[in-house]
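A.B. asks: below are the sequence and a predicted model for it; my questions follow.
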Amino acid sequence: MKPRSLAFTLLLGALVTLASFATDMGLPVLAATAESLNVSPARAALTFSVFMAGFALGPLVFGPLSDHFGRRPMLLGGVAVFTLFGALATFARSLESLLLYRVLMGIGAGTAQVLVLAMVRDLFSGQEARTQQSYVNMAGGIAPIIAPTLGVSIAALGGWRAIYGALAAGGLVLLVVAVRFLHETAPRHAAMTLTLRRTLSNYARVIRHPVSLGYAAVVALGFGCLFAYVSGSSLVVIGLMGASQRTYGLLFACTALGLMAGSFTNAQLSRRGASHTRIITVGLTVIAATTTTLVLLTLAGALRLWTFIPLLMAGNVAHGVVRPNAAQGALEPMPEIVGVASALLGGLQMVAGALASAIAASLFDGRSALAMTGTMAVCAVGALGTFLLVVRPAERRLGERPAGPPDPALTDGATTIAA
């Protein structure tokens, strides 16, 4: 596939959706899964926790490996792992075996998603990379809209086990297509030797770079804001506002549509040469303003469905605008260790999401939405502050150059890999 073709973008978008389908399709049948395995629903919910743990930890290993062995074999391996253990989960007879298969599925899905980010950075740079990343996000945004309904439909035909069979079948199709049409994108770094010391040094290099780490923190805090909403929304919208499950489902779909609209808007702005710093500044300001308004409405006891939805939609559009630019900003200074940078980006994102969702859910008192809206606002204001106080000064100090000088850690003999 040609990198600038629609088919290539759709394939990368489909690879990104593995995680969304693996989580969202199983949500409606969680009680049925628990009953089948003779465990409580709370214990069955661990299948989502271990999946996210695998999603966060897997790329930390396979991201650096992709810098040495190439993106293609690592990505194909991730999809193969997802497919294999999805098939085994279909026949799981105990919660323990299902948890094992789920964590391995998470490792495969996380590896695929992180390496899609790395492949976009390999092939594109600057505004073109931001445009391509926006289109990939937009294609991947379809999954949260259709996954819950698709999961219910599949479960109606064959029970919760059929969902894992469908996930394995989808993974197999993507694996066959990727094997046939997806080529290697990573630059050849033959002089680089793969050692634990060098891998840790590369991680340290990303952490020490204020622009790369700052943008990664912006992405992570934005993800935390979204996950605070995801974890607390049903408690607030159904429990406090009295909305029906159907209304809540429509609201969840609107969330995904807002993110897709933001990605599309960013792609158009990037194609026209709009400054990424201005786009991010405006987007983060909108997110901070909408979440702060939600907190004020909560404190005033005036948060209603008709005020909540417009503010949420505006914030989600802004999230869709910010994320591709911030993700690309984190990878741009690290062209020769993109696998490491993208793995760290994904890991920080999942940690922030897990913490925010845990805080929003655990602090919910059954009387107010403050736990959810407050967590969202803290993450949003933190992202804006990180960008304005850390990233922008660092970019100005470095002259806004996308890449730094050669790193001595990447020198082997007479060969130096330029940063």
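C.D. replies: That came through, no problem.
A.B. asks: mind listing the helices for the stretch 51-200 of the chain?
C.D. replies: Here the stretch 51-200 of the chain has its helices, by DSSP state H, counting those that start in this stretch, at 71-89, 95-123, 126-140, 142-158, 160-181, 196-208.
A.B. asks: nearest to T307 among those would be which one?
C.D. replies: Closest to T307 of the helices of the stretch 51-200 of the chain is helix 142-158 (Cβ to Cβ; 23.2 Å). The C-beta positions use only the backbone N, C-alpha and C, and glycine is treated the same way.
A.B. asks: list the buried ones in that closest one?
C.D. replies: Residues of helix 142-158 classed as buried by neighbour count (16 or more other Cβ atoms under 10 Å): 142-148, 150-151, 154-155.
A.B. asks: dump that helix to PDB, keeping only the CA atoms.
C.D. replies: Output in PDB follows, covering the C-alpha atoms of helix 142-158 (Å, rounded to 0.1, in the frame of the first residue of the first chain):
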ATOM      1  CA  ILE A 142     -15.600   4.300  14.500                       C
ATOM      2  CA  ALA A 143     -15.000   1.500  17.000                       C
ATOM      3  CA  PRO A 144     -16.400   3.100  20.200                       C
ATOM      4  CA  ILE A 145     -19.500   4.000  18.300                       C
ATOM      5  CA  ILE A 146     -20.400   0.500  17.000                       C
ATOM      6  CA  ALA A 147     -18.600  -1.800  19.400                       C
ATOM      7  CA  PRO A 148     -21.100  -2.000  22.300                       C
ATOM      8  CA  THR A 149     -24.000  -2.600  19.900                       C
ATOM      9  CA  LEU A 150     -22.000  -5.100  17.900                       C
ATOM     10  CA  GLY A 151     -21.100  -6.900  21.100                       C
ATOM     11  CA  VAL A 152     -24.800  -7.200  22.100                       C
ATOM     12  CA  SER A 153     -25.700  -8.600  18.600                       C
ATOM     13  CA  ILE A 154     -22.900 -11.100  18.600                       C
ATOM     14  CA  ALA A 155     -23.600 -12.300  22.100                       C
ATOM     15  CA  ALA A 156     -27.300 -12.700  21.200                       C
ATOM     16  CA  LEU A 157     -26.200 -15.300  18.600                       C
ATOM     17  CA  GLY A 158     -23.500 -17.200  20.500                       C
END
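A.B. asks: what sits up against that helix?
C.D. replies: Residues from elsewhere that reach helix 142-158 (Cβ atoms under 8 Å, 6 or more residues apart in numbering): 13, 17, 20-21, 23-29, 32, 162-163, 165-166, 249, 252-253, 255-257, 260.
A.B. asks: same deal with stretch 26-46?
C.D. replies: 47-48, 92, 94-95, 98-99, 148, 151-152, 155, 159-160, 163.
A.B. asks: ok, the nearest residue to L175 once chain neighbours are set aside to Q113 distance?
C.D. replies: Sequence neighbours aside, V79 is the residue nearest to L175 in space, at 4.7 Å (criterion: Cβ to Cβ, 6 or more residues apart in numbering). Here V79 is placed at a distance of 11 Å from Q113 (Cβ to Cβ, to the nearest Å).
A.B. asks: just P3 next, same as before
C.D. replies: Distance check for P3 against Q113: by Cβ to Cβ, it reads 18 Å.
A.B. asks: give me the more crowded residue out of these two.
C.D. replies: A direct count of neighbours by other Cβ atoms under 10 Å for P3 and Q113 places Q113 higher, at 25 against 15.
A.B. asks: wait, what's in contact with that one?
C.D. replies: 15-16, 18-19, 55, 59, 346 are the contacts of Q113 under Cβ under 8 Å, 6+ apart.
A.B. asks: got it, and H276?
C.D. replies: Applying Cβ under 8 Å, 6+ apart, the residues contacting H276 are 127, 130, 270, 325, 328-329.
A.B. asks: nearest to R367, of these?
C.D. replies: Nearest member of the contacts of H276 to R367, counting by Cβ to Cβ, is N325, at 38.3 Å.
A.B. asks: pretty sure Q127 is one of the things the closest one touches, is it not?
C.D. replies: No. Distance between N325 and Q127: 9.7 Å, which falls outside the contact criterion (Cβ atoms under 8 Å).
A.B. asks: okay, and the common contacts of these two?
C.D. replies: With Cβ under 8 Å, 6+ apart as the test, N325 and Q127 both reach 270, 276.
A.B. asks: the nearest residue to L235 once chain neighbours are set aside in helix, strand or coil?
C.D. replies: Spatial nearest neighbour of L235, excluding adjacent residues (Cβ to Cβ, 6+ apart): F364 at 5.3 Å. Taken by DSSP: H, G, I helix; E, B strand; the rest coil, the conformation at F364 corresponds to coil.
A.B. asks: in CSV, list the buried residues of helix 142-158 along with distance to A371 and pLDDT.
C.D. replies: Shown next, in CSV, are the buried residues of helix 142-158 (distance: Cβ to Cβ, whole Å; pLDDT from 0 to 100):
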residue, distance to A371, pLDDT
I142, 30, 81
A143, 27, 80
P144, 23, 75
I145, 26, 77
I146, 29, 82
A147, 26, 81
P148, 24, 77
L150, 30, 87
G151, 27, 86
I154, 33, 92
A155, 31, 89
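A.B. asks: much appreciated, bye for now.
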